[in-house]
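S.K.: predicted structure and sequence below. I'll ask about it afterward.
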Amino acid sequence: MKKEELIQEMERSIEDFIGEIEQLSEKEFETTLITGTWTAKDILSHVAAWDIIFVDLSRTLLRGEPLPDLPDFDAFNAEVVSERRNLSRSQITEEVRKNRKAYTDFIAALTEEQLTEPGGDNYTIRGLARNIISHDQHHLWQIRIRKE
């Protein structure tokens with residue numbers, strides 16, 4: 001898969017996810033539990049934060065450094081959800097799109113070789129981007145399955 005195709009898939013993936021979120025009523029978005037204790041708003045808040053984490057990880061790989069330990073997932077997720085508790089759906093959605101654009105802009109500036117060159121811990125920037133697409137699809141599935 002060429003860089004342009006990867007970027008298109010990243011854009012399509014996040015727009016599919018946002019499209020599903022936008023179909024929910026405000027009550028469903030704010031109060032209906034989708035998974036465990038998370039509402040759709042919580043999931044959207046969580047997604048907003050992870051693109052920036054993955055850009056930072058990709059920059060680390062680009063420098064040839066080993067990846068740092070990921071933050072404690074539960075604590076990190078609780079923090080990012082809490083930070084967005086008083087934001088509207090459109091504000092969080094705007095942040096999601098802004099963060100995805102930052103990620104795709106970062107990838108667009110790289111060469112094909114930089115995308116596939118193994119960095120610290122043998123990860124590649126392309127591999128991380130593929131992981132974020134899987135992350136989008138995982139949460140999209142959670143929203144869809146909840147509606148059925």
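M.R.: Received it, and whenever you're ready, just let me know what you need.

S.K.: among the helices and strands of this structure, which has the poorest mean pLDDT?
M.R.: Within the chain, no helix or strand scores below strand 33-35, which has a mean of 78 by mean pLDDT, DSSP states H and E.

S.K.: next one: whichever helix or strand comes after it to chain centre, how far?
M.R.: Scanning forward in sequence from strand 33-35 by DSSP states H and E, the next helix or strand is strand 38-39. When distances are taken as C-alpha atoms, centre = their mean, to the nearest Å, strand 38-39 is centred 16 Å away from the chain's centroid.

S.K.: returning to what we had before: just the residues contacting the least confident helix or strand of the chain, thanks.
M.R.: The set of residues external to strand 33-35 that reach it, using C-beta atoms under 8 Å, 6 or more residues apart in numbering, is 39-40, 42-43, 142-143, 146. Every residue, glycine included, has its C-beta placed from N, CA and C.

S.K.: could you do stretch 118-138 as well?
M.R.: Taking C-beta under 8 Å, 6+ apart as the rule, stretch 118-138 contacts 1, 6, 9-10, 13-14, 16-17, 47, 50-51, 54, 57-58, 60-67, 103, 107, 110, 114-117.

S.K.: okay, that stretch in PDB with CA atoms only?
M.R.: The C-alpha trace of stretch 118-138 is given here as PDB (Å, rounded to 0.1, in the frame of the first residue of the first chain):
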ATOM      1  CA  PRO A 118      12.000  -0.400  11.200                       C
ATOM      2  CA  GLY A 119      12.600   1.900  14.100                       C
ATOM      3  CA  GLY A 120      13.000   1.300  17.800                       C
ATOM      4  CA  ASP A 121      11.700  -2.100  18.800                       C
ATOM      5  CA  ASN A 122      11.200  -3.100  15.100                       C
ATOM      6  CA  TYR A 123       8.000  -1.100  14.700                       C
ATOM      7  CA  THR A 124       7.400   0.900  11.600                       C
ATOM      8  CA  ILE A 125       5.500   4.200  11.200                       C
ATOM      9  CA  ARG A 126       3.300   2.500   8.600                       C
ATOM     10  CA  GLY A 127       2.600  -0.200  11.200                       C
ATOM     11  CA  LEU A 128       1.600   2.300  13.800                       C
ATOM     12  CA  ALA A 129      -0.700   4.000  11.200                       C
ATOM     13  CA  ARG A 130      -2.300   0.600  10.500                       C
ATOM     14  CA  ASN A 131      -2.800   0.200  14.200                       C
ATOM     15  CA  ILE A 132      -4.700   3.400  14.500                       C
ATOM     16  CA  ILE A 133      -7.000   2.400  11.600                       C
ATOM     17  CA  SER A 134      -7.700  -0.900  13.500                       C
ATOM     18  CA  HIS A 135      -8.400   1.200  16.600                       C
ATOM     19  CA  ASP A 136     -10.900   3.300  14.700                       C
ATOM     20  CA  GLN A 137     -12.600   0.200  13.300                       C
ATOM     21  CA  HIS A 138     -12.700  -1.400  16.800                       C
END
